[in-house]
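J.: Prediction below, plus the sequence it came from.
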Amino acid sequence: MKLPRPITYITRDLERAIGMEPSGEYVVVANKTPYSEKYASRCPEDSVILVNGTPEDGVLGTSELMDHPVVKEKLAAQKSDVLVFKNTARVEEAAAKSGLRLLNPKAQLSETVENKMSQIEWLGELGRKYLPHHIIMPAKNLTWTGEPFIIQWAHGHTGGGTFLISSETELKTIQEKFPYRVTRRTIHIHGPSFTVNAIVAADKILVGNISYQITGVAPFTDNPFSTVGNDWGVTHNLLNETEVEFIETMTSDIGKKLNIAGWRGLYGVDVIQDDKTGTIYLIEINARQPASASFESHLQNENRIQGQISRVATRLCGITTFEAHLKALLGEKIDQPLIPINDGAQIVQRVTKTSKVVPAEKITALESLGYNLAIYPNTDLNEDLVRIQSARGIIETYGVFNERGKEIVEKVA
């Protein structure tokens, strides 16, 4: 895709930025790691700028990368707009200090939409329509009624702010530790979860491909609420046409509200389907580029290439989710649909109590089986260690791996 003006994507982890291949007009700045060096070696010269943090600093965050002398020199030599994975007040401050023009929507809007408390007021009627039944109160005021329920803090990363309360004892433990912390209490819903990435453009909402959300699965995480992957191949085995349309309508409704608030570009919506009633509920809004957008775009591009080879016209007229993201942020008109996909999956091995690193021989074994791997230099509990990507699905049905999925589990465990 030809950009009307240059963009520099500054990111802690390279994988977030490669929804489109780096080029002279689309430059990526990231931390130097063995994975990022290997990837950069295949890209045009100077299209990937890799930065070494000091031994004391370790891996640099987005705002630290902005402030790095190498990055400042690059941006001074070639003026460009700047894009980040997730905008924050700290990132905005760093960008303003360096005189950089951020393409991302304002951090305060992202905070309002993602915060589990302010989100309810922001959603208004949409919250009453799509959210499961909930109440907000300090933890000390919660009562045990004999039925399990979910509580959430205002913020949580990869499921870290969500807890299942299964007994009065568990509730008392939370209350003793955080008596005055405001919580959102929600009914406990059993069933499969799904994710959809979407784009807010000036005059339309583009809803992407719905994926089955792989959540809380051992050995990939210790946290039962952490998302560890997505599978685009199994979705239509689990959802009928009416349910797909309902999710798309919900996502579009949220996008329209974001548009009115001034949002542009990618956002993500997570839903859960009650396995008893079939009802679909909104459980999460990611007011940022979702982590699955890069690989979704890779799969879309592969479909486009195959369409060009086989001369399938319907595959030639679309764009990827990431391309639409850039167009929306740049204020470009989008007159093509998103490319459909119906296969492919990714799964992330996170840092767990027993898995601090994935040995080199396991990496080699997975790569020899044809999987693409993105490796991260993270050490904090529940952060990404290895992202394993497959052109084919890895899920048989809700909660069950197919043979490819079992193959990955066997190699990782």
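T.: Structure received.
J.: mind checking how far residue 304 is from residue 9?
T.: 21 Å (C-beta to C-beta, to the nearest Å). All C-beta atoms are positioned from the backbone trio N, CA, C, and that covers glycine.
J.: Which one's more surrounded, these two?
T.: Under the neighbour definition other C-beta atoms under 10 Å, residue 304 and residue 9 were set side by side, and residue 9 has more, 26 against 18.
J.: Kindly state the pLDDT recorded for that one?
T.: At residue 9, the model reports a pLDDT of 98.
J.: That one: what's it in contact with?
T.: By C-beta atoms under 8 Å, 6 or more residues apart in numbering, the residues touching residue 9 are 16-17, 26-29, 82-84.
J.: thinking residue 103 is in contact with residue 87, fair?
T.: No. Judged on C-beta atoms under 8 Å, residue 103 makes no contact with residue 87 at a distance of 9.2 Å.
J.: re earlier: can you add secondary structure and give the contacts of residue 9 back as CSV?
T.: What follows is the contacts of residue 9, written out as CSV (DSSP: H, G, I helix; E, B strand; the rest coil):
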residue, secondary structure
16, helix
17, helix
26, strand
27, strand
28, strand
29, strand
82, strand
83, strand
84, strand
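J.: okay, the residues you listed in a markdown table with distance to residue 122 and neighbour count next?
T.: Shown next, in a markdown table, are these (distance: C-beta to C-beta, whole Å; neighbours: other C-beta atoms under 10 Å):
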| residue | distance to residue 122 | neighbour count |
| --- | --- | --- |
| 16 | 25 | 20 |
| 17 | 28 | 26 |
| 26 | 32 | 20 |
| 27 | 34 | 23 |
| 28 | 32 | 26 |
| 29 | 32 | 26 |
| 82 | 27 | 22 |
| 83 | 24 | 23 |
| 84 | 22 | 28 |
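J.: and which of these is nearest to residue 170?
T.: residue 16 (35.1 Å; C-beta to C-beta).
J.: Find the nearest non-adjacent residue to the closest one, please.
T.: Once flanking residues are discounted, residue 16 sits nearest to residue 85: 4.5 Å by C-beta to C-beta, 6 or more residues apart in numbering.
J.: Contact partners for that neighbour?
T.: Residue 85 touches 11-13, 16-17, 62, 288-289, counting by C-beta under 8 Å, 6+ apart.
J.: before we move on, what about residue 214?
T.: Counting by C-beta under 8 Å, 6+ apart, residue 214 touches 220, 227-231, 345, 347, 395.
J.: Would you mind listing which of the residues you listed are buried?
T.: Buried residues within the contacts of residue 214, counting neighbours by 16 or more other C-beta atoms under 10 Å: 220, 227-231, 345, 347, 395.
J.: Tell me the one among the contacts of residue 214 nearest to residue 406.
T.: Nearest to residue 406, judged by C-beta to C-beta, of the contacts of residue 214 is residue 395 at 10.7 Å.
J.: ok, the buried ones among the contacts of residue 214 vs residue 143, which is closest?
T.: residue 227 (29.9 Å).
J.: Next, give phi and psi for that closest one.
T.: When read as degrees, to the nearest 10, the backbone of residue 227 gives phi -70, psi 130.
J.: Report the secondary structure state of residue 386.
T.: strand.
J.: Any idea what it is bridged to?
T.: Beta-bridge partners for residue 386, by DSSP bridges, are residue 349, residue 375.
J.: circling back to that earlier point, what is the nearest of the contacts of residue 9 to residue 37?
T.: Nearest member of these to residue 37, counting by C-beta to C-beta, is residue 28, at 12.8 Å.
J.: so that closest one makes contact with residue 11?
T.: Yes. Residue 28 lies in contact with residue 11 (C-beta under 8 Å); the separation is 7.0 Å.
J.: can you list residues touching both of the two?
T.: residue 17.
J.: could I get stretch 268-286 in CSV with only the CA atoms?
T.: Taking Å, rounded to 0.1, in the frame of the first residue of the first chain, the C-alpha atoms of stretch 268-286 are listed here in CSV:
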residue,chain,number,x,y,z
GLY,A,268,-11.1,-4.5,19.4
VAL,A,269,-14.2,-6.1,20.9
ASP,A,270,-14.3,-9.3,23.0
VAL,A,271,-17.5,-11.2,23.6
ILE,A,272,-18.6,-14.4,25.4
GLN,A,273,-21.5,-16.7,24.5
ASP,A,274,-23.4,-18.3,27.4
ASP,A,275,-23.2,-22.1,26.7
LYS,A,276,-26.6,-22.6,28.4
THR,A,277,-28.7,-19.8,26.8
GLY,A,278,-26.7,-19.0,23.7
THR,A,279,-26.8,-15.3,24.7
ILE,A,280,-23.8,-13.2,23.5
TYR,A,281,-22.4,-10.6,25.9
LEU,A,282,-19.8,-7.8,25.5
ILE,A,283,-16.9,-8.4,27.9
GLU,A,284,-14.1,-6.1,26.7
ILE,A,285,-13.3,-3.1,24.5
ASN,A,286,-9.7,-2.6,23.5
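J.: for that stretch, which positions count as buried?
T.: For stretch 268-286, the buried set under the neighbour-count rule, 16+ other C-beta under 10 Å, comprises 268-273, 280-286.
J.: the domain parsing of this protein - what is it?
T.: As assigned by automatic domain parsing, the chain contains the domains 7-104, 133-187, 193-412.
J.: start to end distance for the last one?
T.: With C-alpha to C-alpha, to the nearest Å as the measure, the first residue of domain 193-412 is 23 Å from its last.
J.: Understood, closing this out.
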